[in-house]
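Visitor: this is a predicted model, with the sequence first.
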Amino acid sequence: MSTTCIEMIISFYEDDGVGSPSNPEKFKGQDYEQLKESLLSEEKNFEDESFPANLDSLGKLEGMTPEQLKEVEWLRPQDLNDNPSFVVGGTSRFDFKQGAVGNCWLLSAIGALTFQETLMAQVVPPDQSFKNDYTGIFHFRFWRFGKWVDVVIDDLLPTRYGELLSVSSRSGNEFWAPLLEKAYAKVCGSYGDMVAGFSSDAFKDFSGGVHMSYKLTKKPSDLWDVMNRATQCKTMMACGTYGGEKEEATDKVGLVGGHAYAVTGVKQVYVESEDTMVNLVRIWNPWGEKEWNGDWSDKSALWNTVSSEDRVECHKKRDDGEFWMKMEDYCVYFENMDICCENPNFLDDDAACQWKCSLKEGRWEEGESAGGCDSWSDVFWTNPQFRVRVKAVEGESKGDRNVLLSLMQKPDEEHRSKVKHHSIGFTIYQVPSEAPKGHLPASLFQDTSALKISEFSEAREIIEFHSLQPGEYLVIPCTYNPNKTADFILTVYSKAETEME
């Protein structure tokens, strides 16, 4: 396989249009350049009224009493370090560690993001400093429901007894990670609104790309190949351990139960004594400490069985939260894995394919266009309908998976913790040749069986990979039960130019 993945064509915003990577929408209407220019002329430091340094922006934090929350003091980096820097020698997962906020899902995603220089520069604009024209204002960019947004913040950070409350700098003077976290907290509603989540959601917000989730107890037979291809593409990977009853067993091997980690590499090594190849996975704990203590861990004698080249490249004896483990152990102790990429190339061996992407927005409206799943036969047909024309791909074999469908629901709530996701899914029909144009009537669904019915889930996004022969299809996104009002985005990724209306 080629080590270069082709960029897919994004068709849901025009080049340089509002919401594009080069021209993000201004979150809450705040213009970073205008605000900074005004602050410079007035010789003031920025204080963000839309995300003020108070208890509302802090939110509810698990494990902290109201009295402890009142002890929080908002300080600027200059108050914490005599020589603060935005970035020192590039960005790395080893620049930061998790604090008192339970947002390991976000931090594992940030750790994975640091490997992707282009995406990192998109999310964390590099031309920011505490020295040149400093005014206490910073900005970051996230992909949010079809558009890139530019999020402005001040640099007042929550502290307690002079220490950062949440993400902290391992060196003490590098602040890109605490500031990035604050910008994401603003998008979520508060720091407390970042407690608990899925790395896949953060991956999506960092890229707008394609993500696939895997249950490791039901892993596909080619999972190692998928992970190997993923490391050669512009991918981010994360995994999570079991919680609940399995936490005690997890703790005995040095892992944290119910915790999110970043997958930071894969490597195949040759064990000379056994004349065999071993597949290894490298994993990073956003705590910046506490590591796996089993086979292939930092202290494992197995590193003496590989070549000196592999040992020098991989074996690092340091307490930094990162470790190697055998693929088989990885699939035993970790419950799930998420992979996110700007394009779906990691899913198969067709690295030369240039994927196309089409996005449409829609809405389920109670009493009008929220018919529920096909079990509600009398109103199912009222759901929004999308016709998709799939064209042939040169060299494609019958049965090759060539179309990937994503359905994402958009929340109405400003605070992430208050969002209640509906159970969503979609049904695919092959459109009969005699079908009329426009919205198809109820009679068609009484006489035609569905070609494919997705799983239904209360997740923010569901995504499935399918094999569809050239032809016209009807995709019906729906909630499981009728009369659920919500906005949604339907995205089709395909190997050939695909028309959707």
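Guide: Arrived safely, thanks for sending. Numbering: from 1, shown residues only.

Visitor: can you give me the offset of stretch 77-91 from its chain's centre?
Guide: 27 Å (Cα atoms, centre = their mean, to the nearest Å).

Visitor: what's the first-to-last distance across that stretch?
Guide: Taking Cα to Cα, to the nearest Å, stretch 77-91 runs 18 Å from one end to the other.

Visitor: quick one: residue 123 from residue 212, how far?
Guide: With distances taken as Cβ to Cβ, to the nearest Å, residue 123 is found 21 Å from residue 212. Where you see a C-beta, it was placed from the backbone N, CA and C, and this is true even at glycine.

Visitor: list phi and psi for residue 419.
Guide: Backbone torsions for residue 419, taken as degrees, to the nearest 10, come to phi -70, psi 130.

Visitor: and the chain, what are its domains?
Guide: As assigned by automatic domain parsing, the chain contains the domains 9-207, 210-341, 355-500.

Visitor: let's have these in a markdown table, adding mean neighbour count and mean pLDDT.
Guide: Below are the domains of the chain laid out as a markdown table (neighbours: other Cβ atoms under 10 Å; pLDDT from 0 to 100):
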| stretch | mean neighbour count | mean pLDDT |
| --- | --- | --- |
| domain 9-207 | 18 | 93 |
| domain 210-341 | 18 | 93 |
| domain 355-500 | 17 | 89 |
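
Visitor: so how far is the lengthiest strand in the chain off the chain centroid?
Guide: When the chain is parsed with DSSP state E, its longest strand is strand 260-271. Chain-centre distance of strand 260-271: 20 Å, with Cα atoms, centre = their mean.

Visitor: just checking, what packs against it?
Guide: Counting contacts by 3 or more Cβ pairs under 8 Å, 6 or more residues apart in numbering; DSSP states H and E, strand 260-271 packs against helix 104-113, helix 223-232, strand 235-241, strand 276-284, helix 308-314.

Visitor: hmm, residue 228 and residue 263 touching each other?
Guide: No. The criterion here is Cβ atoms under 8 Å, and residue 263 misses it with residue 228 at 11.7 Å.

Visitor: residue contacts, the most centrally placed residue in the chain?
Guide: The C-alpha lying nearest the average C-alpha coordinate of the chain belongs to residue 203 (Cα atoms, centre = their mean; 1.5 Å). Counting by Cβ atoms under 8 Å, 6 or more residues apart in numbering, residue 203 touches 109, 112, 209, 211, 236, 238, 338, 340.

Visitor: quick one: the fifth one and residue 92, what's the gap?
Guide: Computed as Cβ to Cβ, the residue 236 to residue 92 distance reads 15 Å.

Visitor: minimum distance to residue 60: which of the helices and strands packed on strand 260-271 has it?
Guide: Closest to residue 60 of the helices and strands packed on strand 260-271 is helix 104-113 (Cβ to Cβ; 16.7 Å).

Visitor: residues making contact with the closest one?
Guide: Outside helix 104-113, the residues that touch it by Cβ under 8 Å, 6+ apart are 93, 96, 98, 119-120, 123, 167, 177, 180-181, 184, 194, 196-199, 201-203, 206, 236-238, 240, 259-264, 284, 286-287.

Visitor: packing partners of the longest helix that the chain contains?
Guide: When every helix of the chain is counted residue by residue (DSSP state H), the longest turns out to be helix 176-188. Counting contacts by 3+ Cβ pairs under 8 Å, 6+ apart, helix 176-188 is packed against helix 104-113, strand 137-144, strand 147-154, strand 157-160, strand 168-169, helix 199-207.

Visitor: now these in JSON lines, with distance to residue 48?
Guide: Shown next, in JSON lines, are the helices and strands packed on helix 176-188 (distance: least, Cβ to Cβ, whole Å):
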{"stretch": "helix 104-113", "distance to residue 48": "20"}
{"stretch": "strand 137-144", "distance to residue 48": "8"}
{"stretch": "strand 147-154", "distance to residue 48": "4"}
{"stretch": "strand 157-160", "distance to residue 48": "12"}
{"stretch": "strand 168-169", "distance to residue 48": "21"}
{"stretch": "helix 199-207", "distance to residue 48": "20"}
